[in-house]
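1. Sharing a model that was predicted from the sequence below.
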Amino acid sequence: RVANSLALVAGLAYMQAHSMTDPTAKAALEEMQARITAIAGIHRRLYTSDDVRFVEIDAYLRSLIEELQAAMQASGRDHAIRLEAEAIQVPTDKAVSVGVIVTELVTNAYKYAYPAGTSGDVRVRIRRPDPANVSLVVEDDGIGWGGGGKPRGTGLGSRIVRAMASDLKTTVRFDEAHRGTRVMLDFGL
């Protein structure tokens, strides 16, 4: 029921966004829809799971990225999202945080990484470097942002990412040597 209710709210946000004439308001509603969709995806996974304590993060992220790519392409942004994900069982509460982080970072890359008229990839990689830890990387080869200074837009996405990282008991790191933007998080299972 929760997944259906969240899908309904996401649908309402979509309808409201497409009735807006103000591009800023429309973009804000589209971003809210993506956030709701990320959380609804976890609930869909839980409904079909034998063990609601854990989420198979590779399958969840694959589904989330398909939805994000479709939403971004529908709004006129056309970049490929590439996923490399190991099959890892992640506790449900942590999977929700990972989903929201990926949604925010991919959305930011779509909006800011590549100037209008250029294309490029956004890459998401999640792996398990050792039995107790998970490593998440979201990167692009665009114009780059090292995490310092004033964020583009309202900065809400950056605050959401930091809050979700805090829930994972980790911090967000930027690889300033990377040509574009590379955001990294490591968290314990």
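-> In hand now; what should we look at? Just so we're clear, the structure is a prediction, and the values are computed from it rather than from any experiment. Numbering: from 1, shown residues only.
2. what secondary structure does the residue lying farthest from the centre of the chain sit in?
-> What lies farthest from the middle of the chain is residue 21; by CA atoms, centre = their mean that is 26.0 Å. Under DSSP: H, G, I helix; E, B strand; the rest coil, residue 21 falls in the coil class.
3. So what does it look like in phi/psi?
-> With angles defined as degrees, to the nearest 10, residue 21 sits at phi -100, psi -20.
4. per-residue confidence for it?
-> pLDDT, residue 21: 87.
5. what do you get for the one 4 residues further on?
-> Among the per-residue scores, residue 25 holds a pLDDT of 83.
6. what does residue 2 give?
-> We have a pLDDT of 62 for residue 2.
7. for residue 123, same thing?
-> Looking at residue 123, the pLDDT reads 97.
8. just checking, it touches residue 79?
-> No - between residue 123 and residue 79 there is no contact under CB atoms under 8 Å: 10.5 Å. Every C-beta, even on glycine, is put in place using the N, C-alpha and C of the backbone.
9. what sits in contact with each of the two?
-> Taking CB atoms under 8 Å, 6 or more residues apart in numbering as the criterion, residue 123 and residue 79 both touch residue 140.
10. Direction included, what does the longest strand seen in the chain pair against?
-> Counting by DSSP state E, the longest strand found in the chain is strand 121-130. The strands beside strand 121-130 in its sheet (DSSP bridges) come out as strand 80-85 (parallel), strand 133-140 (antiparallel).
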